[in-house]
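Visitor: Predicted structure and sequence below. I'll ask about it afterward.
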Amino acid sequence: MDQEKNGFLHGELTEKAIGVFFEVYNELGHGFLESVYVKSLLCALQDAGIRAESEKPLEVWFRTHLVGEFRTDLLLEGSVIVEVKAARCLDPIHEAQLLNYLRASTAEVGLLFNFGPKAGFKRFIFPNSKKKLSSSR
């Protein structure tokens, strides 16, 4: 998949993933646990030809020290983090969580999907110079 589409980093991949999100939402609706949506998205993304991994561990580094680890809901093509919520509406804390994942990882693009009463998503980009340092570990 191309790096940029319409000027967006990983644009083709994120556009396709957003389409899959709406397919899953239209089929399941709202009201399930987040884990159900993650598993459903994983199946649908793979059916769409997107390499997707769930619960992918990503390390958090501080200077030269490994200080923690988190697990993404989904990691697409090794480059886009997907965080899944099943909330009434997206909250700034949900956005902060995804931005922290992007800050701590080599991924620069994230998608926040909400399977609430109204389907919603946000796309985030977080490039920084630390990405080059952490990818060399």
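Guide: Arrived safely.

Visitor: Please enumerate the helices of the protein.
Guide: Ranges of helices within the chain are 11-28, 34-47, 92-104, 130-134, based on DSSP state H.

Visitor: Would you reformat the ones you listed as TSV and include mean neighbour count, distance to R71 and mean pLDDT?
Guide: Backbone N, C-alpha and C define where each C-beta goes, glycine included. Below are the helices of the chain laid out as TSV (neighbours: other CB atoms under 10 Å; distance: least, CB to CB, whole Å; pLDDT from 0 to 100):
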stretch	mean neighbour count	distance to R71	mean pLDDT
helix 11-28	17	19	97
helix 34-47	17	11	98
helix 92-104	16	10	93
helix 130-134	13	17	54
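
Visitor: And those: which comes nearest L112?
Guide: With CB to CB, the closest approach to L112 among the helices of the chain belongs to helix 92-104: 5.1 Å.

Visitor: what's the spacing between the residue sitting nearest the centre point of the chain and H65?
Guide: For the chain, the residue lying nearest the average C-alpha position, counting by CA atoms, centre = their mean, turns out to be V82 (1.3 Å). Look at V82 and H65: by CB to CB, to the nearest Å, they are 28 Å apart.

Visitor: Need the per-residue pLDDT for P127.
Guide: The confidence metric pLDDT takes the value 84 at P127.

Visitor: Number of residues surrounding the nearest residue to it once chain neighbours are set aside?
Guide: Distance criterion CB to CB, 6 or more residues apart in numbering; nearest residue to P127, sequence neighbours excluded, is E108 at 4.9 Å. Using other CB atoms under 10 Å, the number of residues around E108 comes to 17.

Visitor: tell me the contacts of E108?
Guide: For E108, the set of contacting residues under the criterion of CB atoms under 8 Å, 6 or more residues apart in numbering consists of 9-10, 79, 102, 125-127, 131.

Visitor: If any of those residues are buried, put those into a PyMOL selection.
Guide: In PyMOL, this line selects whichever of those come out buried by 16 or more other CB atoms under 10 Å:
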select buried, resi 9+10+79+102+126+131
